[in-house]
Every structure is written in structure tokens, then in C-alpha cells.
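**Q** Build the 3D model from these lines:
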Amino acid sequence: MKLPALCLLLSAALLWGACGDDDNPPDLAPSDDPADYEVDTTVSYRIEVSEPRWVVPSDGLPQELELDVSNANVDIIFHLDRLFMAWRNAPYHFASEDTVMHIVSSTDGGETWEHEGQVDMDTDLREPRFVSFQGRLQLIFFEAGTNFVAFEPIRMWRMFRKGRGSWTEPEVLVDGPEVPWRVKVRDGLVWMTSYAGEHYGGEDARVEVR
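**A** Numbers count the residues shown, from 1 in each chain. Now for the predicted structure:
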């Protein structure tokens, strides 16, 4: 039986074009809004994609990681010279007090990973969201309950990367039952969509998108 796993479909050519190192940072576009990109329309483009490979679990992960069988709620981002990944690890997909949020980074396009940190609050943790803004990397996620059959968002947290393998302690970003969904940087501002309400409440449930 195969364990649930995270699988990334990555193109080596695209990765090497986006990665850099300490002396040669990646050549990032001035805007992350595709509407601002300059594209030579006289050139014909063809996407070339590598074969998929298992990332979690895999031999490329740090040996000190103790993984359970459920790996989901993943986010991934390029920040300066590294590729970062965070995900929820737990005994099963449903709410659990044994949930841990793992953070790793890679300098070789995801072939091998270094341990960056982990978050363990003795309750459920979900939806990691990275934000790279003005040279700083931020991780946002939300805390949920431990009831196996309930979806119970409690509050939203964030933490900042201080250096290699070092992060600030989590701090409350939203002290209420709100779930982060997508984060974008546009015109020098960070924008986030989120939602609150009865996510699994049936026909009469109300969900507020923010």
C-alpha cells in the first residue's frame, strides 16, 4: 500500500532558471503580477515538464523528520536563493492533536531538503501560506480544533524567517475563526483572500469571503 504523499511536477529547466545562490540572487521580475510581464509575442513557446517525482515521503527529506501517513495542505515558494515548502503532517486528514506543520528548504531545486523548523501546538494546523515581501519570508497558517468530525477554525497565526533554520515564535495574526486561502503581492502591497463561516454547514450555511 502506498502512503499518502505530496508529489511535485517540476521542470528542471524552469527551476534552474529561477534559482540563485548567495553571490548570485535569482533574476526576479519587477512585479509578480502576470499582467505586467513583458512577453515577446514573436517567439513560439513550448512548455517542457519533467516526469513527476515523490517529494513527501522521499530520501531527499531531512532524516530527522518523523512523518506520519497524512501529508497535505502544502505551500511552496522561491525566496532569494532557496525553494521553501511547508505542509501539514498528521495521522490522518481529519483534525488531530498530533498534527505538525513542517518547514523545509532546498538549494538544488527540490532534489534534497534542509530542515527549517516545525510548528506543534497540540491541536490541528492547516493551510500554510508563504509570503515573500521586501526581502522577508513570512509563513501564515490557521489553528483548528481536535474534534475528528468537525471543522473548527480558531485563529490565524504567522511567523517570520530570521535566518537559516531560524524562525520567530508564532504570533496571532487574526484572533478569530478565519482561514487564509490565497496571498498575492500587487503594486507594493500584500493581499490575502480568506473565509469564515460554516464551511460544512449544509444548504443553509453561510460563508463569508474576505
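**Q** only C-alpha atoms for contact and neighbour calcs from this point on.
**A** OK.
**Q** Which residue lies nearest the spatial centre of this structure?
**A** D75 (2.0 Å; Cα atoms, centre = their mean).
**Q** Which of the three states applies to it?
**A** Secondary structure, DSSP: H, G, I helix; E, B strand; the rest coil: D75 is strand.
**Q** so it makes contact with M101?
**A** No - counting by Cα atoms under 8 Å, M101 is not a contact partner of D75; they are 11.0 Å apart.
**Q** which ones are touching V119?
**A** Counting by Cα atoms under 8 Å, 6 or more residues apart in numbering, V119 makes contact with 100-102.
**Q** got any ranges where this protein has weak pLDDT?
**A** Residue ranges of the chain with pLDDT under 70: 1-32.
**Q** Between the two ends of stretch 39-48, what distance do you get?
**A** End-to-end span of stretch 39-48 (Cα to Cα, to the nearest Å): 18 Å.
**Q** ok so, going back, ok, so of the contacts of V119, who is nearest M192?
**A** M101 (20.4 Å; Cα to Cα).
**Q** Okay, and the beta partners of that closest one?
**A** M101 has these beta-bridge partners by DSSP bridges: R88, V119.
**Q** give the contact list for it.
**A** By Cα under 8 Å, 6+ apart, the contact list for M101 reads 86-89, 118-120, 125-126.
**Q** Can you add distance to F133 and give those back as JSON lines?
**A** Shown next, in JSON lines, are the contacts of M101 (distance: Cα to Cα, whole Å):
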{"residue": "A86", "distance to F133": "17"}
{"residue": "W87", "distance to F133": "20"}
{"residue": "R88", "distance to F133": "23"}
{"residue": "N89", "distance to F133": "26"}
{"residue": "Q118", "distance to F133": "21"}
{"residue": "V119", "distance to F133": "22"}
{"residue": "D120", "distance to F133": "25"}
{"residue": "L125", "distance to F133": "23"}
{"residue": "R126", "distance to F133": "22"}
